[in-house]
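Visitor: Have a look at this prediction, sequence included:
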Amino acid sequence: MKKFYIAKSRRLRGTPYSKRIENQGLTAYTVYNHMLLPAGFDGLEKEYFHLKEHVQVWDVAGERQVQIVGKDSTKLVQLMTCRNLSKSKVGRCYYAPIIDEQGKMINDPIILKLDENKWWLSLADSDVGLYAKGIASGLNLKVDVTEPDVNILAVQGPKSFKLMEKILGKKITELKFYGFSYFDFKGSKFFIARSGWSKQGGYEIYVENREAGLKLYDELFLVGKEFNVKPGCPNLIERIESGLLSCGNDFDNGDNPYECGFDKYIDVESDINYLGKKALIQVSKEGIKRKLMGVKIDLDKIEIMEEKPLQNGKSLVGYLRSAVYSPHFKKVVGIAMINKEYWNKKTSFELEINGKKSKGLVCDLPLV
Ligand code: THG
């Protein structure tokens, strides 16, 4: 593969941690919410095995926060998501689809309720802030929509609990999954949630003070030595095996949340008000004709730059959207939008890449 460099500029925003990770062996960046997001260090497979056994610190500042405050903030947040937030509690995170007026996917953030009238939407890669501003001005809502300078550090992996306890004390281990609270480190307060884009366990530190954040960053690597800490980033193998969906890769604005398997985050029954509700009620009545599923393919490597058709003879099984070689399954695994006739397990298909045909099977998510 030919290598290229990324031309840096102010528009392609760096993070408070960019210098550090570049000195710690970063080899690749991607772009996320107009910001640099680390995409590789040691090699994908090495990083995968390390993540599953030890602990990693990820610069995921690209997961930007849309902050919505004001009298109508709850109304605005609910208008953008089909997840019912009427019983939501301060101090909790909610994974929620953001949809448009046609009931199509825009983003899949973690929504955090900081106060009765203060929310953060921790974004995947799309401009939800502009969507929020458009709705707010169109409806004359009393809200302030901003992107605060919050730069998340994720601490992920089985040893993340020991590492964080050593730095922040016993209280951090009492945090429940998708709960958040403030914790003290050397006189600074840190907003920390128990969450993260891996299924290996861990925390996300929503750093609000850059200087204090860098001190904590250095402490994580100093104290982390005994836990074999390494810098890392969201891992393609781990996240596909775990069935964690990637906005813009596995789904986009052409898909509805039912097709993405987000059924448990859709409310078409209660009297809550959100854009696209009519459309989703219609979809729930008619049923969907395709959905995201797992696939396994007899290949030892793959690189997906656009969705790839999966064929069964002359008929179309669906489209492959993400894929990677899995050392666990010893074949390529992926996430694909599969047509209804092929939902029954173990449907075989062919995939053609560069004129070469391979065989694969449709399976459930998460992969087992
Ligand atoms: N953390 C934070 N912000 C984020 C992400 C994150 N923004 C972008 C992206 N990731 C948003 N997408 C996801 C996708 C899945 C999950 C979180 C964010 C996730 N899913 C769990 C699951 O599917 O099992 C739990 C879902 C639940 O219990 O409701 O955690 O990672 N800050």
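Guide: Yes, it's here.
Visitor: Up against the ligand, what does this protein have?
Guide: Within the chain, the positions near the ligand by CB under 6 Å from any ligand atom are 63, 95, 108-110, 122-124, 152, 178, 195-197, 204, 244-245. To be clear about C-beta, it is placed using only N, CA and C from the backbone, and glycine gets the same treatment.
Visitor: What is the most widely separated pair among those residues?
Guide: Across these, no pair lies farther apart than 152 and 245, at 18.5 Å, counting by CB to CB.
Visitor: So those two - more neighbours on which side?
Guide: A direct count of neighbours by other CB atoms under 10 Å for residue 152 and residue 245 places residue 152 higher, at 24 against 20.
Visitor: And the strand or helix carrying that one, what does it pack against?
Guide: In this structure, residue 152 sits in strand 151-156 according to DSSP states H and E. In terms of contact count using 3 or more CB pairs under 8 Å, 6 or more residues apart in numbering; DSSP states H and E, strand 151-156 is assigned the packing partners strand 56-59, strand 202-207, helix 210-223.
Visitor: could you redo the last one with a cut-off of 6 Å?
Guide: Here strand 151-156 is seen to pack against strand 56-59, strand 202-207 when contacts are counted using 3 or more CB pairs under 6 Å, 6 or more residues apart in numbering; DSSP states H and E.
Visitor: Show me what the first one is packed against.
Guide: With contacts defined as 3+ CB pairs under 6 Å, 6+ apart, strand 56-59 has these neighbours: strand 151-156, strand 230-232.
Visitor: quick one, whichever strand or helix holds residue 161 and strand 202-207 angle?
Guide: Take DSSP H and E as the rule and residue 161 turns out to sit in helix 160-168. Between the axis of helix 160-168 and that of strand 202-207 there is an angle of 40 degrees, by axes from the mean of the first three to the mean of the last three CA atoms, to 10 degrees.
Visitor: Which stretch among the helices and strands packed on strand 151-156 is buried most, on average?
Guide: Across those, averaging neighbours per residue (mean count of other CB atoms under 10 Å) puts strand 56-59 on top, at a mean of 27.
Visitor: Can you give the contact residues for it?
Guide: Taking CB atoms under 6 Å, 6 or more residues apart in numbering as the criterion, the residues outside strand 56-59 that touch it are 15, 17, 21, 38, 154-157, 220, 230-233.
Visitor: what secondary structure does the closest residue to the ligand within the stretch 151-300 of the chain sit in?
Guide: The shortest separation between the stretch 151-300 of the chain and the ligand is 3.4 Å, found at residue 197 (distances taken as CB to the nearest ligand atom). For residue 197, the secondary structure call by DSSP: H, G, I helix; E, B strand; the rest coil comes out as coil.
Visitor: next one: residue 45
Guide: Taking three-state DSSP as the rule, one finds residue 45 in the helix state.
Visitor: Could you do the one 5 residues further on as well?
Guide: The three-state label for residue 50, taken from three-state DSSP, comes out as helix.
Visitor: Kindly state the pLDDT recorded for it?
Guide: Among the per-residue scores, residue 50 shows a pLDDT of 98.
Visitor: That concludes my questions; thank you for your assistance.
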